[in-house]
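S.K.: build me a model:
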Amino acid sequence: MNNSPSSAAMAAQICDQIRAVFAPPHPSSAAAAFSLLPPPLEVLAGEIARAANASKKVFVHGVGREGLMLKAFCMRLFHLGISSHVVGDVTTPPISSGDLLIASAGPGSFSTVDAICRVSKSAGARIVLITAQPGSGSEASLLADSVAYLPGRTMADDEVEEGSGASPEWWLPMGSVYEGAMFVLFEMVVVKLGEKFGRTAADLRSRHTNLE
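M.R.: Okay, here's the model as predicted:
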(Lines give C-alpha, C1' and ligand atoms only; values in the text may rest on other atoms or scores of the structure.)
Protein backbone atom coordinates (compact mmCIF):
# COMPACT_ATOMS: atom_id res chain seq x y z
CA MET A 1 0.00 0.00 0.00
CA ASN A 2 1.28 3.44 -0.90
CA ASN A 3 1.41 5.60 2.25
CA SER A 4 2.89 8.68 0.59
CA PRO A 5 0.77 11.82 0.86
CA SER A 6 -1.42 12.85 -2.04
CA SER A 7 -0.41 15.81 -4.15
CA ALA A 8 -3.07 17.95 -2.47
CA ALA A 9 -1.92 16.94 1.03
CA MET A 10 1.72 17.60 0.19
CA ALA A 11 0.86 20.98 -1.34
CA ALA A 12 -1.15 21.87 1.77
CA GLN A 13 1.78 20.95 4.01
CA ILE A 14 4.16 23.06 1.97
CA CYS A 15 1.77 26.02 2.02
CA ASP A 16 1.30 25.65 5.79
CA GLN A 17 5.06 25.73 6.32
CA ILE A 18 5.36 28.91 4.28
CA ARG A 19 2.30 30.49 5.91
CA ALA A 20 3.82 29.88 9.35
CA VAL A 21 6.73 32.15 8.42
CA PHE A 22 4.34 35.12 8.39
CA ALA A 23 2.49 34.19 11.60
CA PRO A 24 3.36 35.80 14.97
CA PRO A 25 6.18 33.80 16.58
CA HIS A 26 5.56 31.62 19.62
CA PRO A 27 6.89 33.39 22.75
CA SER A 28 9.33 30.54 23.41
CA SER A 29 10.70 30.38 19.86
CA ALA A 30 14.00 31.85 18.67
CA ALA A 31 12.04 34.19 16.39
CA ALA A 32 10.40 35.84 19.42
CA ALA A 33 13.64 37.71 20.12
CA PHE A 34 13.12 39.70 16.92
CA SER A 35 9.36 40.19 17.24
CA LEU A 36 9.76 43.97 17.54
CA LEU A 37 11.23 44.25 14.05
CA PRO A 38 8.73 45.65 11.53
CA PRO A 39 7.06 43.11 9.21
CA PRO A 40 9.12 42.39 6.08
CA LEU A 41 6.20 43.48 3.87
CA GLU A 42 6.24 46.90 5.53
CA VAL A 43 10.02 47.19 5.26
CA LEU A 44 10.29 46.30 1.58
CA ALA A 45 7.22 48.21 0.38
CA GLY A 46 8.33 51.30 2.30
CA GLU A 47 11.95 51.25 1.10
CA ILE A 48 11.04 50.62 -2.54
CA ALA A 49 8.36 53.32 -2.53
CA ARG A 50 10.86 55.74 -1.04
CA ALA A 51 13.38 55.03 -3.80
CA ALA A 52 10.76 55.16 -6.56
CA ASN A 53 9.32 58.45 -5.33
CA ALA A 54 12.81 59.95 -5.46
CA SER A 55 13.36 58.56 -8.99
CA LYS A 56 16.15 56.33 -7.71
CA LYS A 57 17.15 52.88 -8.95
CA VAL A 58 16.50 49.58 -7.18
CA PHE A 59 19.07 46.78 -7.34
CA VAL A 60 18.66 43.18 -6.16
CA HIS A 61 21.27 40.59 -5.23
CA GLY A 62 21.20 37.09 -3.84
CA VAL A 63 22.94 33.77 -4.40
CA GLY A 64 21.50 30.42 -5.48
CA ARG A 65 17.74 30.01 -5.22
CA GLU A 66 17.50 33.21 -3.17
CA GLY A 67 18.93 35.02 -6.18
CA LEU A 68 16.38 33.39 -8.48
CA MET A 69 13.53 34.62 -6.28
CA LEU A 70 14.99 38.12 -6.36
CA LYS A 71 15.29 38.02 -10.16
CA ALA A 72 11.58 37.21 -10.40
CA PHE A 73 10.87 40.08 -8.01
CA CYS A 74 13.02 42.46 -10.07
CA MET A 75 10.97 41.54 -13.14
CA ARG A 76 7.75 42.54 -11.39
CA LEU A 77 9.28 45.79 -10.09
CA PHE A 78 10.13 46.62 -13.70
CA HIS A 79 6.54 45.83 -14.68
CA LEU A 80 5.44 48.33 -12.01
CA GLY A 81 7.47 50.99 -13.79
CA ILE A 82 10.28 51.08 -11.23
CA SER A 83 13.89 51.32 -12.41
CA SER A 84 15.07 47.88 -11.23
CA HIS A 85 18.22 45.89 -11.95
CA VAL A 86 19.79 42.53 -11.11
CA VAL A 87 23.37 42.82 -9.85
CA GLY A 88 25.63 41.06 -12.34
CA ASP A 89 23.54 41.57 -15.46
CA VAL A 90 25.50 43.12 -18.33
CA THR A 91 22.99 45.98 -18.57
CA THR A 92 23.10 46.83 -14.85
CA PRO A 93 24.05 50.50 -14.36
CA PRO A 94 26.29 51.77 -11.55
CA ILE A 95 24.69 52.12 -8.14
CA SER A 96 24.85 55.62 -6.70
CA SER A 97 23.78 57.82 -3.82
CA GLY A 98 20.17 57.33 -2.79
CA ASP A 99 19.68 54.15 -4.82
CA LEU A 100 18.43 51.03 -3.05
CA LEU A 101 20.08 47.61 -2.85
CA ILE A 102 17.85 44.71 -1.78
CA ALA A 103 20.11 41.83 -0.75
CA SER A 104 19.27 38.42 0.68
CA ALA A 105 21.31 36.23 3.03
CA GLY A 106 18.93 33.68 4.49
CA PRO A 107 21.47 32.02 6.82
CA GLY A 108 22.79 35.45 7.81
CA SER A 109 25.92 35.77 5.72
CA PHE A 110 27.41 35.05 2.30
CA SER A 111 30.82 36.45 1.35
CA THR A 112 29.54 37.74 -1.99
CA VAL A 113 26.51 39.43 -0.39
CA ASP A 114 28.78 41.10 2.17
CA ALA A 115 31.02 42.37 -0.65
CA ILE A 116 28.13 43.74 -2.75
CA CYS A 117 26.72 45.49 0.32
CA ARG A 118 30.13 47.00 1.04
CA VAL A 119 30.45 48.44 -2.46
CA SER A 120 26.85 49.72 -2.39
CA LYS A 121 27.34 51.44 0.95
CA SER A 122 30.55 53.10 -0.25
CA ALA A 123 28.57 54.49 -3.22
CA GLY A 124 26.01 56.05 -0.87
CA ALA A 125 23.16 53.62 -1.52
CA ARG A 126 20.64 52.41 1.03
CA ILE A 127 20.63 48.70 1.83
CA VAL A 128 17.80 46.38 2.81
CA LEU A 129 18.89 42.94 3.96
CA ILE A 130 16.40 40.08 3.81
CA THR A 131 17.44 37.34 6.21
CA ALA A 132 16.26 34.61 8.56
CA GLN A 133 19.16 35.37 10.92
CA PRO A 134 19.14 39.10 11.71
CA GLY A 135 21.42 38.60 14.72
CA SER A 136 24.23 36.95 12.76
CA GLY A 137 26.55 39.95 13.05
CA SER A 138 27.51 39.61 9.38
CA GLU A 139 28.97 42.54 7.50
CA ALA A 140 25.79 42.79 5.43
CA SER A 141 23.64 43.01 8.57
CA LEU A 142 25.87 45.73 10.02
CA LEU A 143 25.79 47.75 6.79
CA ALA A 144 22.03 47.42 6.26
CA ASP A 145 19.84 50.49 6.77
CA SER A 146 16.89 48.20 7.42
CA VAL A 147 16.29 44.48 7.84
CA ALA A 148 13.42 42.47 6.41
CA TYR A 149 13.23 39.58 8.86
CA LEU A 150 11.88 36.46 7.18
CA PRO A 151 12.13 33.60 9.70
CA GLY A 152 11.92 30.73 7.22
CA ARG A 153 13.94 27.54 7.45
CA THR A 154 17.21 27.77 5.47
CA MET A 155 19.78 25.21 4.35
CA ALA A 156 21.86 26.12 7.42
CA ASP A 157 19.01 24.88 9.64
CA ASP A 158 18.93 21.59 7.73
CA GLU A 159 22.67 21.12 8.19
CA VAL A 160 22.46 21.71 11.94
CA GLU A 161 19.59 19.28 12.33
CA GLU A 162 21.27 16.60 10.22
CA GLY A 163 24.37 16.89 12.38
CA SER A 164 22.32 16.38 15.54
CA GLY A 165 21.06 12.98 14.38
CA ALA A 166 17.44 14.07 14.84
CA SER A 167 14.66 12.80 12.60
CA PRO A 168 12.60 15.91 11.86
CA GLU A 169 9.19 15.94 10.29
CA TRP A 170 9.14 16.26 6.53
CA TRP A 171 10.23 19.68 5.28
CA LEU A 172 10.95 21.20 1.93
CA PRO A 173 14.43 19.98 0.95
CA MET A 174 17.57 21.98 1.74
CA GLY A 175 15.80 24.73 3.64
CA SER A 176 13.54 25.81 0.82
CA VAL A 177 10.90 27.22 3.19
CA TYR A 178 12.84 30.49 3.23
CA GLU A 179 12.91 30.72 -0.56
CA GLY A 180 9.24 29.81 -0.85
CA ALA A 181 8.45 32.53 1.67
CA MET A 182 10.49 34.98 -0.40
CA PHE A 183 8.26 34.36 -3.42
CA VAL A 184 5.10 34.94 -1.37
CA LEU A 185 6.54 38.04 0.30
CA PHE A 186 7.55 39.56 -3.03
CA GLU A 187 4.10 38.97 -4.52
CA MET A 188 2.55 40.79 -1.56
CA VAL A 189 5.00 43.68 -1.99
CA VAL A 190 4.06 43.95 -5.68
CA VAL A 191 0.37 44.11 -4.75
CA LYS A 192 1.06 46.80 -2.11
CA LEU A 193 3.15 48.90 -4.47
CA GLY A 194 0.62 48.50 -7.27
CA GLU A 195 -2.06 49.88 -4.97
CA LYS A 196 0.18 52.70 -3.74
CA PHE A 197 1.14 53.86 -7.23
CA GLY A 198 -2.24 53.18 -8.81
CA ARG A 199 -0.92 50.58 -11.25
CA THR A 200 -3.51 48.42 -13.01
CA ALA A 201 -3.01 44.90 -14.34
CA ALA A 202 -2.99 46.43 -17.82
CA ASP A 203 -0.16 48.77 -16.76
CA LEU A 204 1.95 45.82 -15.69
CA ARG A 205 1.20 43.84 -18.83
CA SER A 206 2.13 46.81 -21.03
CA ARG A 207 5.73 46.58 -19.76
CA HIS A 208 6.06 42.83 -20.30
CA THR A 209 8.46 41.85 -23.08
CA ASN A 210 7.06 40.90 -26.49
CA LEU A 211 10.30 39.11 -27.46
CA GLU A 212 9.21 35.64 -26.33
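S.K.: by contact count, what packs against the helix or strand residue 18 falls within?
M.R.: Residue 18 belongs to helix 7-21 when elements are defined using DSSP states H and E. With contacts defined as 3 or more CB pairs under 8 Å, 6 or more residues apart in numbering; DSSP states H and E, the secondary structure elements packing on helix 7-21 are helix 176-197. Every C-beta, even on glycine, is put in place using the N, C-alpha and C of the backbone.
S.K.: can you list contacts of the helix it packs on?
M.R.: Contacts with helix 176-197, where a contact means CB atoms under 8 Å, 6 or more residues apart in numbering, come from 14, 17-18, 21-22, 40-41, 44-45, 48-49, 52, 65-66, 68-70, 72-73, 76-77, 80-82, 104, 106, 130, 132, 148, 150, 152-154, 171-172, 199-200, 204.
S.K.: which of those residues count as buried?
M.R.: With neighbours counted by 16 or more other CB atoms under 10 Å, those contain buried members at 14, 17-18, 21-22, 40-41, 44-45, 48-49, 52, 65-66, 69-70, 73, 76-77, 80-82, 104, 106, 130, 132, 148, 150, 152-154, 171-172, 199, 204.
S.K.: which ones among the residues you listed map onto strands?
M.R.: Of the positions in the buried ones among the contacts of helix 176-197, 104, 130, 148 sit in strands, assigned by DSSP state E.
S.K.: where are the low-confidence patches of the protein?
M.R.: Judged by pLDDT under 70, the chain has its weakly predicted residues at 1-4, 28, 30, 158-171.
S.K.: count the residues that sit near residue 155.
M.R.: Applying other CB atoms under 10 Å, we find 18 other residues in the vicinity of residue 155.
S.K.: ok now do it, which residues does it touch?
M.R.: Under the criterion of CB under 8 Å, 6+ apart, the contact list for residue 155 reads 106, 107, 174, 175.
S.K.: among those residues, who's most crowded?
M.R.: residue 106 (29 neighbours).
S.K.: phi, psi of the residue nearest to that residue when sequence neighbours are not counted?
M.R.: Distances taken as CB to CB, 6 or more residues apart in numbering place residue 154 nearest to residue 106, at 4.0 Å, with adjacent residues excluded. Backbone torsions for residue 154, taken as degrees, to the nearest 10, come to phi -110, psi 180.
S.K.: residue 154 and residue 132 touch, don't they?
M.R.: Yes. A contact is recorded between residue 154 and residue 132 when judged using CB atoms under 8 Å, the distance being 5.3 Å.
S.K.: who touches both of these two?
M.R.: Listed contacts common to residue 154 and residue 132 are 106, 107, 178; contacts here mean CB under 8 Å, 6+ apart.
S.K.: which of the buried ones among the contacts of helix 176-197 fall in helices?
M.R.: Secondary structure assignment by DSSP state H places 14, 17-18, 21, 40-41, 44-45, 48-49, 52, 65-66, 69-70, 73, 76-77, 204 of these in helices.
S.K.: contact partners of stretch 198-212?
M.R.: Under the criterion CB under 8 Å, 6+ apart, residues 76, 78, 79, 80, 81, 193, 194 lie in contact with stretch 198-212.
S.K.: make it 7 Å
M.R.: If you take CB atoms under 7 Å, 6 or more residues apart in numbering as the criterion, stretch 198-212 is touched by 78, 79, 80, 81.
S.K.: span of that stretch from start to end?
M.R.: In terms of CA to CA, to the nearest Å, the two terminal residues of stretch 198-212 are separated by 27 Å.
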